[in-house]
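[1] attaching a predicted model along with its sequence, questions to come.
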Number of protein chains: 2
Amino acid sequence: MSYSDSASQILDIAEVRMRQAGYNAVSYRDIAAQMGIKSASLHYHFPKKEDLGVALVQRYAAAFQDRLLKDLSDGDTPRERLSTFVNLYETALLDHQLICLCAVLGAEAQGLPRRVSREVQIFFTQNIEWLTSVFDEMSVSNPDRAAKTALSLLEGSMIISAVNADNSVFKAAADLILSRGFYRND
Amino acid sequence: MSYSDSASQILDIAEVRMRQAGYNAVSYRDIAAQMGIKSASLHYHFPKKEDLGVALVQRYAAAFQDRLLKDLSDGDTPRERLSTFVNLYETALLDHQLICLCAVLGAEAQGLPRRVSREVQIFFTQNIEWLTSVFDEMSVSNPDRAAKTALSLLEGSMIISAVNADNSVFKAAADLILSRGFYRND
DNA sequence: GTCTATAATTTGATAGAC
DNA sequence: GTCTATCAAATTATAGAC
């Protein structure tokens, strides 16, 4: 999926706002104002808000995958790949002070158009699958469990860190995921 | 803080909707419709929506503390107290299919009135402090770190479990928190 | 405490010209 | 692709009667 310059700019503005304040806080009027155009023009690119929401999550998930592949190197150990994964979340929080889009939308999923919440579900599922395969290579006794807890740690700690303005919460989560104790057998 | 019957009912309805779809998805009109009264009447109890939001989080946090104290027994070991804490979250998710109110509001905190987001912050901070004291009694090497990761696990896994309609994510998080490996030294 | 009436604003959305 | 013009609906909120 590729977008025009205008469509990309719409998605850029919408993404920032949505990651700060949620789906319902994003309005065509505000986006258009930031772009210096009229809100009616946005409907040319995304006829319904639902279309904008779906495109946003799809682009976000694709960009996440792209970035992950670019940051990975051929000779990386499973543990290094895990670290790269965690770093993607860390960069978003520390450099851009933004929570994961899917954490925000996931929290209000029952109020979203189904097409949007389905994309969020796909993002979580793909992340869990990717993490499971990494933990599997690390010979963790229960890779699926490790993957689910690791993703929960990242998403949950982002939220608490942002609210409390305390990055130590995220760092504690990231450290735990990368610690030996995390994937050691019980 | 105590509320009249009407105020309590308003808060009840608002809480369910907010935990499903977020702050902006709650409207005076919808609440009034469910109560069989007019939306203007709600302003007698909560003049501004911000007041409703603040009252909601305060009541939620107080009810959480009350329930925790009631569920705890005098002879409980630290480990049993931890289990009781986790059970509060588990009950909300499994029995009522609701995410923690503060997880939802925390995710969109940057778009909330400051008085509301401050209450969310207080809830998180108090939970971390309570958990820290429990982990401290368990002789965990870093109780603060354990508390922050435990809360992150609970909040994050609730969101993912709800979106994916897969309670195994929450169970994996709960199991990890209560496992020996979680609070073992690295 | 609840009502009627009303206001001001915002919002998503459409039709049709350029 | 963007504009003007317009709309219907929703939303928060207030004033004043009952």
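    Yes, it's here. Numbers count the residues shown, from 1 in each chain, chains lettered A, B, ... in the order given.
[2] okay, CA-based contacts and neighbour counts for the rest of this
    Will do.
[3] so what touches the lowest-mean-pLDDT helix or strand in chain A?
    Ranked by mean pLDDT, DSSP states H and E, the weakest helix or strand in chain A is helix A:180-183, scoring a mean of 80. Here helix A:180-183 makes contact (Cα atoms under 8 Å, 6 or more residues apart in numbering or on different chains) with A:135, A:140-141, A:146, A:176-177, B:181-182, B:184-186.
[4] neighbour-wise, which one of those leads?
    A:Ala146 (26 neighbours; other Cα atoms under 10 Å in any protein chain shown).
[5] helices along chain A, start to end?
    Ranges of helices in chain A, per DSSP state H, are A:5-21, A:28-35, A:39-45, A:49-71, A:78-96, A:101-107, A:114-137, A:143-164, A:168-178, A:180-183.
[6] got the angle for the first one vs helix A:28-35?
    It stands for helix A:5-21. 120 degrees (axes from the mean of the first three to the mean of the last three Cα atoms, to 10 degrees).
[7] helix A:5-21 - what's its average pLDDT?
    Averaged across helix A:5-21, pLDDT comes to 98.
[8] buried ones in that helix?
    Burial within helix A:5-21, assessed by neighbour count using 16 or more other Cα atoms under 10 Å in any protein chain shown, is assigned to A:7, A:10-11, A:13-21.
[9] give me the below-cutoff pLDDT ranges for chain A.
    Residues of chain A that meet the criterion pLDDT under 70 lie in A:185-186.
[10] which parts of it sit against DNA strand C?
    A:24-30, A:39-40, A:43, A:47-50 (Cα under 7 Å from any atom of the strand).
[11] would you turn those into TSV with neighbour count?
    Formatted as TSV, the residues of chain A next to DNA strand C follow (neighbours: other Cα atoms under 10 Å in any protein chain shown):
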residue	neighbour count
A:Asn24	18
A:Ala25	18
A:Val26	20
A:Ser27	14
A:Tyr28	19
A:Arg29	14
A:Asp30	16
A:Ser39	16
A:Ala40	12
A:His43	14
A:Pro47	12
A:Lys48	12
A:Lys49	17
A:Glu50	16
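[12] quick one: the closest residue to A:Arg59 other than its chain neighbours from DNA strand D, how far?
    Excluding the flanking residues, the one nearest A:Arg59 by Cα to Cα, 6 or more residues apart in numbering or on different chains is A:Met1, at 8.0 Å. Noted for A:Met1: a distance of 14 Å to DNA strand D, by Cα to the nearest atom of the strand, to the nearest Å.
[13] residues touching the residue of chain A found nearest chain B, list them.
    Going by Cα to the nearest Cα, chain B is nearest to A:Gly156 of chain A, at 3.7 Å. For A:Gly156, the contacting residues are A:103, B:103, B:151-157, by Cα under 8 Å, 6+ apart.
[14] intersect these with the contacts of DNA strand D.
    Near DNA strand D, taking Cα under 7 Å from any atom of the strand as the test, no member of those is found.
[15] nearest residue to the middle of chain A?
    Geometric centre of chain A, nearest residue: A:Cys100, 3.7 Å, by Cα atoms, centre = their mean.
[16] that one and A:Asp136: what is the separation?
    Separation of A:Cys100 from A:Asp136 (Cα to Cα, to the nearest Å): 25 Å.
[17] kindly report the same for A:Tyr183.
    10 Å.
[18] more neighbours: the two, which one.
    Between A:Tyr183 and A:Asp136, A:Tyr183 has the larger neighbour count (other Cα under 10 Å), namely 23 against 17.
[19] residues near A:Asp71, how many?
    A:Asp71 has 13 neighbours, counted by other Cα under 10 Å.
[20] ugh, wrong one, A:Ile128
    There are 23 residues near A:Ile128, going by other Cα under 10 Å.
[21] show me which residues of chain A are close to DNA strand D?
    So far as Cα under 7 Å from any atom of the strand goes, chain A lies against DNA strand D at A:4-7, A:36-42, A:44.
[22] one more time with 10 Å
    A:3-10, A:32-33, A:35-45 (Cα under 10 Å from any atom of the strand).
[23] residues in contact with A:Gly36?
    No contacts exist for A:Gly36 under Cα under 8 Å, 6+ apart.
[24] I'd like the distance from the least confident helix or strand of chain A to the chain centre, please.
    24 Å (Cα atoms, centre = their mean, to the nearest Å).
[25] sorry, back to before: most widely separated two among the contacts of A:Gly156?
    A:Ala103 and B:Leu151 (15.2 Å; Cα to Cα).
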